[in-house]
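Novice: sequence first, predicted coordinates after that:
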2 protein chains.
Amino acid sequence: MRRMTARPANAHQARLLRLLRDGGPNSRAQLGDQVDLSRSKLAVEVDRLLETDLVVADGLAASRGGRRSHNIRLNPHLRFLGVDIGATSVDVAVTNAELEILGHINQPMDVREGPVAVFEHVLAMAGKLKASGLAEGFDGAGIGVPGPVRFPEGIPVAPPIMPGWDGFPVREALSQDLGCPVMVDNDVNLMAMGEQHAGVARTVADFLCVKIGTGIGCGIVVGGEVYRGTTGSAGDIGHIQAVPDGRPCACGNRGCLEAHFSGAALARDAMEAAEQRLSGELTARLEANGTLSAVDVAAAAAAGDATALDLIREGGNRTGQVIAGLVSFFNPGLVVVGGGVTGLGHTLLAAIRTQVYRGSLPLATGNLPIVLGELGPTAGVIGAARLISDHLFSPA
Amino acid sequence: MRRMTARPANAHQARLLRLLRDGGPNSRAQLGDQVDLSRSKLAVEVDRLLETDLVVADGLAASRGGRRSHNIRLNPHLRFLGVDIGATSVDVAVTNAELEILGHINQPMDVREGPVAVFEHVLAMAGKLKASGLAEGFDGAGIGVPGPVRFPEGIPVAPPIMPGWDGFPVREALSQDLGCPVMVDNDVNLMAMGEQHAGVARTVADFLCVKIGTGIGCGIVVGGEVYRGTTGSAGDIGHIQAVPDGRPCACGNRGCLEAHFSGAALARDAMEAAEQRLSGELTARLEANGTLSAVDVAAAAAAGDATALDLIREGGNRTGQVIAGLVSFFNPGLVVVGGGVTGLGHTLLAAIRTQVYRGSLPLATGNLPIVLGELGPTAGVIGAARLISDHLFSPA
DNA sequence: CTGCTTTGTCCTGTGAGTGGAAAAAGTAGG
DNA sequence: CCTACTTTTTCCACTCACAGGACAAAGCAG
């Protein structure tokens, strides 16, 4: 199929496209109820969208008591590619225009291999998805990278954990390789957008999305829009000081949150505990695999191992203290906790909640849900698809 | 003079009013350069504004090489009232429609007297300004209160330092008493708007405005707009934990920033030091006045008193550590420090800068100015006038 | 006094958008 | 099957905002 290049010609069309994206197939009459346009105007704009092929007719809707309305929907052949590059693995997914995941591949990989090597893999994965018949091509792609991004240009800037990416023109390069429009953002921001689109944050305008993976970051959503800060590094909370004169961190300071709790820190702590034979469960796992990761800690905790639980609780406390400060400052309507370590589940969440509810004022915490993300590993790729669709479904 | 009740009829008129407010008198031709409207359309809108009396003709402009253009300006009889209620004093000012201060009164007062008593004073002060011939009446008033506000309704909610104000309908009551539209906001937010309108933050879209007075608060500006949070308590950084297991705070926790550094905390520390005879300067002042305030510490520091300087430095360090965290999180383009204790000047600022530049990542601090507010005690009232003018100069 | 520039006004054309009328396509009830 | 009522869709005339050109008014430079 020829790829779509059309873009909405005006704000009305953009509005309609987003309604169809978020609400699925819809009758013309239903659309009319949601936008404030006269029937005539609506008909004109819908007809123009049909001409662009972005939208197709989809039979007749059920009657609402009178003449049946014509259904329309986004072209079912539209395909978005969502790419979520983590520190140690990559997720690639294909979605339709309604941002439903049609296929999803995860593959371990080290970002430190550099952009060229990583994108080779990504393109291969995208190729595999195409080959399995899910897509003939892509109409747009969203890319998440684990570091700050100069958003308008789609270029990583000074990313601490991915040297070699600094200044690499991700957007331009991938746009070339994929032959479609591309948008690039921080992986944490994409997770926030994912949870906003299809997860727990659907109805909240101002919220925080804390992602605890190899590192720790925080997506900030203000008035329904991701806030990226002046240089694109907003939400970089991993290097907030959590422990005065605490552990040395890769950034040069001491006591950074990330040095005390994150996938990497947790694995290291677990290894230490295992070597000191503090925990039978962890020691056994270490001897079995030769190494330990956050997953092992989660499993040990699930098995009731006290040491593992203590590690999680202490990390949750540290994280909760930092979040408590952010809650006081930002007064969000929701805090979402996600990322790799969410396998630690409710032990972690309980520790965070305790600290936040204790450390912030009642007015800020009174009606503040603190919850785990709903989408797990798909949040990032859904957010990526959402990013590019927001871009494409806006007036040219 | 009859008070103006007119409001702009559309976004174009609102735009023009704001241009005249921020840029002063302007010729029709100059306005044409700034808005993207045809000359005919512009002429129509300007004529309509002239009819409303919000705008008046103001002679001929200098020639720009051809026919001279007609100047127009906001009606010079328009008057806004700016009220900044602090914990221990109140500022009331009259401005013209260009938000220039025509008269300004400050008066000591305790907010804990409650809203009725305070507003009696405020109305008396407004009356005094009227009596001195600065205004015949007010076309709008902005009110700042030292606590969280449910913004749309203009009602304080659960303000810690002003019991008795909780739920008091400030906006409605004052609107009645003054006979003009009223908007209410947190005093810190108003300070931020003041510095944005006429101070150091004129050209910055995303910035933080830290106000250190009796308490500590932080105005958050995102994309040029004040961010107030879900319940109106955003920026309430006084109760972020700055010292683990630190001093007990009025809020019930320990180690809150406000308990360790603020006008009140500083005064108490100074008294302690004076009583222990650690500082001749402070002891002398204590004996002379019977009490000490932040002003005394500032004076002692200016005289080179080591104890006073230490107090300031330590407070600055604590504050700087908290701000460092906020900078990592928010990635602002500017940090403004203001409020009562700015008398402490560069000693304070240096301590804050040291902590922020040390404690945040280079990408966030690389090009981050940290400066003192430019407007001093007038920031609040200018911000208040700006608040109500933004409201009035928007489409009805 | 003569060109040239800028500013303001007038006027007409265009395109977006509204809202009513009527046709088309249903449902519900006799 | 027919009738009365609903909802949806199309068609059309009308309004309104706005752009942009023509032209007059006003000023500058020589």
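Specialist: Received it, and whenever you're ready, just let me know what you need.
Novice: quick check: the residue in the stretch 201-350 of chain A that DNA strand C sits nearest to vs A:T203, distance?
Specialist: Closest approach between the stretch 201-350 of chain A and DNA strand C, counting by C-beta to the nearest atom of the strand: A:G224, at 22.8 Å. Just so you know, the C-beta spots here come from the backbone N, C-alpha and C atoms, and that holds for glycine as well. Look at A:G224 and A:T203: by C-beta to C-beta, to the nearest Å, they are 10 Å apart.
Novice: who's more crowded, these two?
Specialist: Using other C-beta atoms under 10 Å in any protein chain shown, the more surrounded residue of A:G224 and A:T203 is A:G224, with 11 against 8.
Novice: any idea how far the residue of the stretch 201-350 of chain A closest to DNA strand C is from B:Q107?
Specialist: As for A:G224, its distance to B:Q107 is 42 Å (criterion: C-beta to C-beta).
Novice: and for A:Y357?
Specialist: For A:Y357, the distance to B:Q107 equals 40 Å [C-beta to C-beta].
Novice: neighbour count winner among the two?
Specialist: The neighbour comparison of A:Y357 against B:Q107 (other C-beta under 10 Å) goes to A:Y357, with 17 against 13.
Novice: report the separation between the more buried one and A:N317.
Specialist: To A:N317, A:Y357 is 13 Å away according to C-beta to C-beta.
Novice: what's the spacing between A:V341 and chain B?
Specialist: 20 Å (C-beta to the nearest C-beta, to the nearest Å).
Novice: what parts of the stretch 51-200 of chain A come near DNA strand D?
Specialist: A:R64, A:G65, A:G66, A:R67, A:R68, A:S69, A:H70 (C-beta under 7 Å from any atom of the strand).
Novice: for DNA strand D, state which of those is nearest.
Specialist: A:G66 (1.8 Å).
Novice: tell me the secondary structure for that closest one?
Specialist: coil (DSSP: H, G, I helix; E, B strand; the rest coil).
Novice: tell me the contacts of the residue of the stretch 201-350 of chain A closest to DNA strand C?
Specialist: By C-beta atoms under 8 Å, 6 or more residues apart in numbering or on different chains, the residues touching A:G224 are A:Q196, A:A205.
Novice: for chain A, which helix is longest?
Specialist: Secondary structure assigned by DSSP state H gives helix A:306-330 as the longest helix of chain A.
Novice: buried ones in that one?
Specialist: Residues A:307-313, A:315-330 are the ones in helix A:306-330 that count as buried (16 or more other C-beta atoms under 10 Å in any protein chain shown).
Novice: gap between it and the chain center?
Specialist: 21 Å (C-alpha atoms, centre = their mean, to the nearest Å).
Novice: what residues does the helix or strand that it is followed by touch?
Specialist: Next along the chain after helix A:306-330, taking DSSP states H and E as the criterion, comes strand A:335-338. Strand A:335-338 is touched from outside by A:191-192, A:195, A:199-201, A:207-212, A:323, A:327, A:348-349, A:352, A:356, A:368-373, A:375-376, A:379, with contacts defined as C-beta under 8 Å, 6+ apart.
Novice: just checking: what are the partner strands of strand A:335-338?
Specialist: Here strand A:335-338 is paired, per DSSP bridges, with strand A:207-212 (parallel), strand A:370-372 (parallel).
Novice: quick one: closest of these to A:E281.
Specialist: Proximity to A:E281 (C-beta to C-beta) singles out strand A:207-212 among the strands paired with strand A:335-338, at 21.7 Å.
Novice: just checking, next helix/strand downstream of the closest one?
Specialist: Proceeding N to C from strand A:207-212, the next assigned helix or strand is strand A:216-222, under DSSP H and E.
Novice: tell me the angle that following strand makes with strand A:207-212.
Specialist: 170 degrees (axes from the mean of the first three to the mean of the last three C-alpha atoms, to 10 degrees).
Novice: check the offset of the very next helix or strand once past strand A:216-222 from the chain's centre.
Specialist: Of the helices and strands lying after strand A:216-222 in sequence (DSSP H and E), the nearest is strand A:225-226. In terms of C-alpha atoms, centre = their mean, the centre of strand A:225-226 is set 12 Å apart from its chain centre.
Novice: other residues contacting strand A:225-226?
Specialist: Here strand A:225-226 has contacts from A:D185, A:N189, A:A192, A:M193, A:G219, A:I220, using C-beta under 8 Å, 6+ apart.
Novice: after it, next one along is what?
Specialist: Past strand A:225-226, the next helix or strand by DSSP H and E is helix A:257-260.
Novice: ok, that next one near chain B or not?
Specialist: No - Helix A:257-260 is not in contact with chain B by C-beta under 8 Å from any C-beta of the partner chain; minimum separation 9.4 Å.
Novice: by contact count, what packs against that helix?
Specialist: Helix A:257-260 is packed against helix A:263-275, helix A:306-330, with contacts defined by 3 or more C-beta pairs under 8 Å, 6 or more residues apart in numbering or on different chains; DSSP states H and E.
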